[in-house]
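Visitor: Have a look at this prediction, sequence included:
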Amino acid sequence: MKRALFAAAIAAVACLWGPGLRADTPDNTLVMAWQFDDIITLDPAEAFEFSGLEYAAQVYDRLVTYDVNDVSKIEPMVAESWSVSDDGKTFTFKIRDDITFHSGNKLTAHDAAYSLQRVVKLNLTPAFILTQFGFTAENVDQMITAPDDTTLVLKTDKAYAPTFVLYCLTAGVGSVVDSKLLQEHEVDGDMGHAWLRTNSAGSGPFMLQQWRPSEVLSLTAFEDYWRGAPGLDRVFIRHVAEPATQQLLLERGDVDVARNLLPDQIEALRKAEGFAIDESPKGGIWYLGLNVKREPFQKVEVRQALKYLVDYEGIQNSVLRGQMRVHQSFLPQGFLGAIDDKPFSLDVEKAKALLAQAGYPDGFSVTMDTRNTSPTMDIAQAIQASFAQAGIKLEIIPGDGGQTLTKYRARNHDIYIGKWGPDYQDPHTNADTFAANPDNSDDAPAKPLAWRNAWDIPEMTAKTQAAVLERDPAKRAQMYEELQREHQQVSPFVIMFQEIEVIARAANVEGLIWGPSFDSNFYWKATKK
């Protein structure tokens, strides 16, 4: 009966999207306009896109979490407490005994162990977050165990800083899945993966109701959620690519929240009655990835030249007003060891000299895979214009988020423009992807951003691996500072901006939580006045 009522509610909300209509959204439903075409999968062992991880944060609980207002504070979640052995290699977690999955199954330490083992055994894109601790498909059943229903034991291969291990468990791969439900849907030993790509098996505040890629995502409240029932019964999210359409829908009362508005639209809504603007600094880093398989990018002078062909300040002040700030290093502000050095600015003559030195005095032609939404297209067009000043003919190849990411992950791009968000609140999360590439072969088991751009860097990889083992915070911060300054000069990454998420909402909507990362955005405390 409840499923039928929810389907009727979705149909009623969908009617609001017709032309020329004016209607307020239902009192018990949060309706959101958002660009979420990057969702490829709903399985938290595979999800590695911004929107997919935000979805997972609504549907799954994780072993541990952190205070969104002070990320230095790691907090209990499914694990109510933990301890670390004297040698720093064994973590023992006490699992809550009052959590129930959406299926009605009781959550136990066995589910928590299965969830982590499953990530390692499936070995999909985000698995490296766990496998970096020495877990393999062959040993993980011995290194991650549940001796009883309330005890989880995790053993690492080395003595890492305890906070590093815990921060990794706050990531999407730390989501606890319903092992009994997945075993019922297992096919050919896939641990329920094929089924979970389009279904859910969580214990979080919301249950998945429907997902149609690049169209609709709908959730319904889990009334028996252990931290209290959500403030609203339903969440209905519609993929709306155009910011102008998002603004119109919000102004008409057809949606409660618009997620992807442009600066002029935000300023107009600031002045309008009945709306509120939320600003949330994020760890998202916007960058260009230059594929070193392509001949021009094998020359460090070419890579440097492109860094002098971006009008950082101009883009910040015109296209991005209030939505991003210029940032040119791989660690976001707020992380241990972050720097605020900005060695590059638009300097066409310097770029031309570097190109001539590299053997390209007349420039060259190149393509850039670009998500066909704002502000990505707007940034890309500005870069296209400034590149042209040095003779570089840049062809923009638009596509949806899934298309551009798939091509990028296969190393089939020339240039990729996109953003990278930290997987956890420790500097290794970005250092390990921007500044490490232990295996540059096409079939490498780990495929960080340096790998995606075919950048073979054994010496820098060694420096990155040494930094994560340093337990003295001051020494560790210095190592990351030095690493970033070297990276700025030689890497095939043009790092440009750090994101500020700006959200427009109806003023009667309160309680939405916009954290420092997209997987710390939460809907369950939202209410309507």
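Guide: Alright, I've got the coordinates. Residues are numbered from 1 along each chain as shown.
Visitor: three-state assignment of Trp451?
Guide: Of the three states, Trp451 takes helix under DSSP: H, G, I helix; E, B strand; the rest coil.
Visitor: Can you tell me, leaving aside adjacent residues, what's nearest to it?
Guide: Asn437 (4.9 Å; Cβ to Cβ, 6 or more residues apart in numbering). All C-beta atoms are positioned from the backbone trio N, CA, C, and that covers glycine.
Visitor: So for the one you found, what pLDDT did the model give?
Guide: Per-residue confidence at Asn437 stands at 98 (pLDDT).
Visitor: these two touch, right, it and Trp455?
Guide: Yes. Assessed by Cβ atoms under 8 Å, Asn437 is found in contact with Trp455 at 5.9 Å.
Visitor: hang on, the earlier thing: am I right that the residue nearest to Trp451 sits in a strand?
Guide: No. The assignment for Asn437 by three-state DSSP gives coil, which leaves it out of any strand.
Visitor: Count the neighbours of it for me.
Guide: Counted by other Cβ atoms under 10 Å, the residues lying close to Asn437 total 25.
Visitor: try Gln246
Guide: Counted with other Cβ under 10 Å, Gln246 comes out at 26.
Visitor: Sticking with it, tell me its helix or strand.
Guide: helix 243-252 (DSSP states H and E).
Visitor: For that helix, name the packing helices and strands.
Guide: Judged by 3 or more Cβ pairs under 8 Å, 6 or more residues apart in numbering; DSSP states H and E, the packing partners of helix 243-252 are strand 29-34, strand 257-258, helix 263-271, strand 493-506.
Visitor: And the next helix or strand past the third one?
Guide: Translated: helix 263-271. Taking DSSP H and E, what comes next after helix 263-271 is strand 275-290.
Visitor: Name the residues of that next one that are buried.
Guide: Phe275, Ser280, Lys282, Gly283, Gly284, Ile285, Trp286, Tyr287, Leu288, Gly289, Leu290 (16 or more other Cβ atoms under 10 Å).
Visitor: how long is stretch 413-431 end to end?
Guide: Using Cα to Cα, to the nearest Å, the end-to-end distance of stretch 413-431 comes to 22 Å.
Visitor: again, but for stretch 244-262
Guide: First-to-last residue span, stretch 244-262, Cα to Cα: 8 Å.
Visitor: which other residues reach it?
Guide: Outside stretch 244-262, the residues that touch it by Cβ atoms under 8 Å, 6 or more residues apart in numbering are 16-17, 21-25, 30-35, 238, 240, 243, 265, 268-269, 272, 275, 373-375, 378, 501-506, 509, 512, 528.
Visitor: can you give me the offset of that stretch from its chain's centre?
Guide: 23 Å (Cα atoms, centre = their mean, to the nearest Å).
Visitor: now swap in stretch 28-46 and tell me
Guide: Relative to the centre of its chain, stretch 28-46 is centred 12 Å away, using Cα atoms, centre = their mean.
Visitor: cool, stretch 289-301 as well?
Guide: That offset, for stretch 289-301, works out to 26 Å (Cα atoms, centre = their mean).
Visitor: Same question for stretch 136-151.
Guide: 27 Å.
Visitor: Use 40 as the first number for this chain going forward.
Guide: I'll keep to 40 as the first residue from here, and by that count the last item is stretch 175-190.
Visitor: same question for that stretch, mean pLDDT?
Guide: Mean predicted lDDT for stretch 175-190 stands at 98.
Visitor: do the same with stretch 225-245
Guide: pLDDT averaged over stretch 225-245 gives 98.
Visitor: likewise stretch 355-375?
Guide: Mean per-residue pLDDT for stretch 355-375: 92.
Visitor: Now it: buried residues?
Guide: Buried, per 16+ other Cβ under 10 Å, within stretch 355-375: 355, 358-359, 362-363, 365-371, 374-375.
Visitor: Throw those residues into TSV and include distance to Val349 and secondary structure, thanks.
Guide: What follows is the buried residues of stretch 355-375, written out as TSV (distance: Cβ to Cβ, whole Å; DSSP: H, G, I helix; E, B strand; the rest coil):
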residue	distance to Val349	secondary structure
Gln355	11	helix
Val358	12	coil
Leu359	12	coil
Gln362	17	coil
Met363	13	strand
Val365	10	strand
His366	12	coil
Gln367	10	coil
Ser368	15	coil
Phe369	16	coil
Leu370	19	coil
Pro371	18	coil
Phe374	23	coil
Leu375	27	coil
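Visitor: can you put these in CSV and add distance to Ile79?
Guide: Output for those, formatted as CSV (distance: Cβ to Cβ, whole Å):
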residue, distance to Ile79
Gln355, 30
Val358, 27
Leu359, 26
Gln362, 25
Met363, 25
Val365, 30
His366, 27
Gln367, 29
Ser368, 29
Phe369, 24
Leu370, 27
Pro371, 24
Phe374, 27
Leu375, 31
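Visitor: what's the most distant pair in those?
Guide: Largest separation among those by Cβ to Cβ: Val358 and Leu375, giving 30.7 Å.
Visitor: now the chain, which segments are flagged as low pLDDT?
Guide: Applying pLDDT under 70 to the chain flags residues 40-62.
Visitor: that older thread, mind putting the helices and strands packed on helix 282-291 in TSV, distance to Ile435 and mean neighbour count included?
Guide: TSV is the format used below for the helices and strands packed on helix 282-291 (distance: least, Cβ to Cβ, whole Å; neighbours: other Cβ atoms under 10 Å):
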stretch	distance to Ile435	mean neighbour count
strand 68-73	23	24
strand 296-297	25	26
helix 302-310	21	15
strand 532-545	15	23
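Visitor: Throw those into CSV and include distance to Leu146, thanks.
Guide: Converted to CSV, the helices and strands packed on helix 282-291 look like this (distance: least, Cβ to Cβ, whole Å):
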stretch, distance to Leu146
strand 68-73, 26
strand 296-297, 30
helix 302-310, 41
strand 532-545, 31
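Visitor: out of the ones you listed, which comes closest to Glu223?
Guide: strand 68-73 (30.8 Å).
Visitor: Quick check: buried residues in stretch 512-526?
Guide: Neighbour-count burial for stretch 512-526 flags Arg515, Ala516, Met518, Tyr519, Glu520, Leu522, Gln523, His526 (criterion: 16+ other Cβ under 10 Å).
Visitor: which ones are touching the residue nearest to the third one when sequence neighbours are not counted?
Guide: Closest residue in space to Met518, ignoring its immediate chain neighbours: Ala506 at 4.2 Å, by Cβ to Cβ, 6+ apart. With contacts defined as Cβ under 8 Å, 6+ apart, Ala506 is in contact with Pro466, His467, Ala470, Arg515, Met518, Tyr519, Leu522.
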